[in-house]
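>>> Sequence first, predicted model second:
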Amino acid sequence: QVQLVESGGGLVQAGGSLRLSCAASGRTFSINTMGWLRQAPGQEREFVAAVTSSGGSTYYADSVKGRFTISRDNAKNTVYLQMNSLKPEDTAVYYCAAEKSPYRVSRRASEYDYWGQGTQVTVSS
């Protein structure tokens, strides 16, 4: 099993920045792609960003491209999401997720195998 613990959420004004962290523990050797997904009230969970096992490739939703940066430190088993130029529409619970398959980079929540508990990000206008 793999455990994921997020931190770094909070309340920020529009235009501000936050950095989310996700620490993995347990059978971390079994995970490959790690990603961030978010869920706003009344909406489905949506893909935000993902990074491959080596950290060499990153993927973003169009809505955050150019504003958010995902990275990972495999020595620390940690993935980060740097969020800049935040907008009120970025308000959501942000979830860290990990995938076992080495053959794809998932954008669908259903394809991720492990999940963190989520951290709230609120952007005020």
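Received, thanks.

>>> give me the element the spatially most central residue of the chain is part of.
Centroid-nearest residue in the chain: W36, 1.9 Å away (criterion: Cα atoms, centre = their mean). Secondary structure assignment for W36, by DSSP states H and E: strand 34-39.

>>> What pairs with that strand, parallel or antiparallel?
Using DSSP bridges, the strands paired with strand 34-39 are strand 46-51 (antiparallel), strand 92-98 (antiparallel).

>>> what's the closest of these to S30?
strand 92-98 (8.7 Å; Cβ to Cβ). The C-beta positions use only the backbone N, C-alpha and C, and glycine is treated the same way.

>>> which outside residues touch that closest one?
Strand 92-98 has contacts (Cβ atoms under 8 Å, 6 or more residues apart in numbering) with 2, 4, 6, 9, 20, 22, 24, 31-40, 43, 45, 48, 79, 81, 109, 112-116, 118-121.

>>> Now do the longest strand along the chain: which elements does it pack against?
Secondary structure assigned by DSSP state E gives strand 18-26 as the longest strand of the chain. If you count contacts as 3 or more Cβ pairs under 8 Å, 6 or more residues apart in numbering; DSSP states H and E, strand 18-26 packs onto strand 2-7, strand 34-39, strand 78-83, strand 92-98, strand 119-124.
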